[in-house]
Structures are given as C-alpha cells and as structure tokens.
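Trainee: Pasting the sequence and the predicted model now:
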Amino acid sequence: MTTSIGVGDAVGSVVLQTDPVRVLRFGAATHNAHRIHYDTAYANTEGLTDRVVMAQLHGALFFRAAARFAGSADGVLGVGWRNRAPAYVGCVLTVTGSVRAMHSDRIELELVEHSDDGTVCAVGEAVVARKCAFGLPSEPNPLESSG
Amino acid sequence: MRTELRTAQERAGRLIGAVDRRRLGRVRADESIAFARACAEGDPRFLDAAHPAFAVHPMYLPSLLRGPFGARDTEYRDDGMFADEVPGTSGLDVRLMAGGQHIVFRNPPPLGEEIEVSRVIAEVERKGRPESPFLLITVVKSYRAAVAGELATVTERFIVR
C-alpha cells in the first residue's frame, strides 16, 4: 500500500485491448448506435480510417486509473477527458498519469491516454479524496485483455 | 460556413439556457453489471450483484444514452445517433463527434429509483479555420433520483462538422 504521495508521482497504468466485440457490447450496454463505432464503410464516409472507440469507454478507463490510485472507486470525486484523436477499434489503449496537485482534502491527477501507435487519443484529469487508502499503482486487472 | 452547419449553430444557439428533461428509467443491477463487463471492469463490487458492497458503476449513468425502453425508429438520425443527442442537429447532414466530458460525482446511483437527467445547452462556439469550420456545443447534464437526490453533474462537449 502506497501511503506517501507527492506531486509528480505516477498513476498506475490502465490498459485495454479494444476489439469489435468489446465495442459492440459497450454500445449495447449504453444504447449507443452511432455507426462510426461498428460500420467501417460509414466511418470512412466521415473521414475516419476505421470504426472508433466510444468516448465513454475512454472515460471508463480514465475513471479506473483514478479509482485504482485512490484505492477505491468511492474515492473518485470527479473525472474528465477531452478527445484528441480517433482511437480505432483494435488498438490497445493505455491510460497513464501523475499527481498534478495536492490539497488538504483532495488530490488532482493529470491523465493521458495513448493508443499503441503512440497517438494521444485523449487527455484528462481526475480528483480523488485524500482520505483514501491509496492502492498499488499497477494493480493488474485480469479482464483487461480478455474479449 | 456550410448552410447546414450554420443552421445547426442557429438552432442550438436559440436553445441556450432551455432545460430538456429525459427519463432514464430505473437502474437495474443486471444492466450496470453488463456495462461494467463491457468496459472490462475488474472491481468485483461492480460485477457481482451478490457482493456485500455491490454498487452501480459510477460511469454507467453518464455513459447511458437512453433507458431500457430504447427509442422509436424516428428518434434516430441516419448516422445512428439519437436525433436529440446533439441539440440543433436533428435532420441535418452534419458529422457528430463526442468531444469529451467532465463529471462530478455527487451521490452513488441507487438501484430501483427513477432516474431523470436534465440537460441545458451552456455554450455554442464556432471554431476551426474558415475552410474547415466546426461547432463546439457544450451541454450540462444533471442526473437525479427521487430519494437519492443529485447523483452527478456532467459537462459534455460535442463537435459538429
């Protein structure tokens, strides 16, 4: 358990292998039928190379990075992200980050998401409660690379 | 600026400040678990309804576009988006992209309570170069449950090209 936290400390990475099944399942769970997520020919008409991962799925990864840092999802007070480039279905997404600021009651995290070709897909931030028991920064998630 | 984009800007601009309310139905454990599984969540509290500390995934409601009742055919655009998801764009030949979100969590989403989301357009901005303009529409959404009260506030940005 990490108990001493300072500005610049790393936030453990969160990794997700995306694939068409994952994206379709996510779209079904959220009632998202936007064709850019599952229809390659349509995505091409919008100037996209392929189908793209939903913005909310990026958000779920940012949230997870913050929750692991906080040691519990309950410790996440807020999370935000801004899409910077399309994340094409099939890429590996990795969220990393660092501690941006420390306050008496909360900690601000700076987060960034890359795809495996190095593209910055989204940048963001999170605020976690300082009272939390901070978790191991690289806690593995056995489900992350499963379909 | 293309006529359709200008029309979207005018329509959305007229809606600034107007509140739109939408029912999302009651959150069921099964649906939140399906969401958690779909985003490869590893926290067992979000994956097992029998877990003593089971909770609805905090990202579920902010990610949900409609309740379990879905929508009628006429409520979709040709691109598969809900016609009212990005205000001012219904029926227009414009491209829609999510720009990002900022979420403040206020209370855990409760099971079994009716959820309502109220949406208000905060800002409509014209961006980009003259030859490739786009709109940035900022919508603020508030999620509430009758007993649990305010659940989350989401500031969401949409890109319209």
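Mentor: Okay, I see it.

Trainee: Just want the most central residue of chain B.
Mentor: By Cα atoms, centre = their mean, chain B has its centre lying nearest to B:L65, at 5.2 Å.

Trainee: what's the distance between that one and chain A?
Mentor: Going from B:L65 to chain A by Cβ to the nearest Cβ, to the nearest Å gives 5 Å. C-beta: built from backbone N, CA, C; applies to glycine.

Trainee: burial count for the nearest residue to that residue once chain neighbours are set aside?
Mentor: Excluding the flanking residues, the one nearest B:L65 by Cβ to Cβ, 6 or more residues apart in numbering or on different chains is A:H31, at 4.6 Å. Using other Cβ atoms under 10 Å in any protein chain shown, A:H31 has 17 neighbouring residues.

Trainee: And the pLDDT at A:H31?
Mentor: A:H31 carries a pLDDT value of 96.

Trainee: which ones are touching it?
Mentor: Listed by Cβ atoms under 8 Å, 6 or more residues apart in numbering or on different chains, the contact partners of A:H31 are B:L64, B:L65, B:R66, B:G67, B:G70, B:A71.

Trainee: before we move on, back to that, was I right to think the residue nearest to the centre of chain B contacts B:E85?
Mentor: Yes. With contacts counted by Cβ atoms under 8 Å, B:L65 reaches B:E85, the gap being 6.5 Å.

Trainee: quick revisit: filter the contacts of A:H31 down to the buried ones.
Mentor: Taking 16 or more other Cβ atoms under 10 Å in any protein chain shown as the criterion, what is buried in the contacts of A:H31 is B:L64, B:L65, B:R66, B:G67.

Trainee: where do the strands sit along chain A?
Mentor: For chain A, applying DSSP state E gives strands covering A:10-17, A:76-83, A:92-102, A:106-115, A:120-129.

Trainee: Save these as JSON lines, and put in distance to A:Q56 too.
Mentor: Formatted as JSON lines, the strands of chain A follow (distance: least, Cβ to Cβ, whole Å):
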{"stretch": "strand A:10-17", "distance to A:Q56": "13"}
{"stretch": "strand A:76-83", "distance to A:Q56": "10"}
{"stretch": "strand A:92-102", "distance to A:Q56": "13"}
{"stretch": "strand A:106-115", "distance to A:Q56": "13"}
{"stretch": "strand A:120-129", "distance to A:Q56": "11"}
